[in-house]
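Peer 1: Have a look at this prediction, sequence included:
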Amino acid sequence: MPPGLLKEIQRLIRAGGYSLAGLKATYQNEAAFRLETGLFVLLVPLGLWLGDSALERSLLVGSLFLVLIVEIINSSIEAAIDRIGTEHHTLSGRAKDMGSAAVFLALINALLIWVMIVAEKFQ
């Protein structure tokens, strides 16, 4: 085994553990993430069935992954801001609103992709 390879493998394993801890923390502490995860679990099989090509299936499933990704980023922004303090501050409010807007846009993106692909199927 080349020198340093074992350390890199150990680093990747630790990084994977941190990622799983982040998913668990988000699921436990964020109701919106739990709802979106439930929808993800229901819609992924439907998207795989509805898509006629790898591209369609990738768009349908990928748009759902994007919602979860953006929700995690939004939740991390909110957690960092709450850590700083609970008093109202204009910049804190703006950051939280921007994170929420990002989730909203990801949801609209997913909705548009699903509507366009499903509508084409039933023309």
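Peer 2: That came in fine, so what should we check first?
Peer 1: All the helices of the protein, residue numbers only.
Peer 2: 5-29, 31-50, 54-84, 90-121 (DSSP state H).
Peer 1: winner for burial among these?
Peer 2: helix 54-84 (a mean of 16; mean count of other CB atoms under 10 Å). Quick note: C-beta positions are derived from backbone N, CA and C, even for glycine.
Peer 1: elements contacting that one?
Peer 2: Where contact means 3 or more CB pairs under 8 Å, 6 or more residues apart in numbering; DSSP states H and E, helix 54-84 is packed against helix 5-29, helix 31-50, helix 90-121.
Peer 1: could those helices be laid out in JSON lines, adding mean pLDDT?
Peer 2: Shown next, in JSON lines, are the helices and strands packed on helix 54-84 (pLDDT from 0 to 100):
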{"stretch": "helix 5-29", "mean pLDDT": "94"}
{"stretch": "helix 31-50", "mean pLDDT": "97"}
{"stretch": "helix 90-121", "mean pLDDT": "96"}
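Peer 1: Throw these into a markdown table and include distance to Ile69, thanks.
Peer 2: Below are the helices and strands packed on helix 54-84 laid out as a markdown table (distance: least, CB to CB, whole Å):
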| stretch | distance to Ile69 |
| --- | --- |
| helix 5-29 | 11 |
| helix 31-50 | 10 |
| helix 90-121 | 8 |
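Peer 1: who wins for proximity to Glu78 among these?
Peer 2: With respect to Glu78, and counting by CB to CB, the nearest of those is helix 90-121 at 5.7 Å.
Peer 1: Distance from the closest one to the middle of the chain?
Peer 2: 11 Å (CA atoms, centre = their mean, to the nearest Å).
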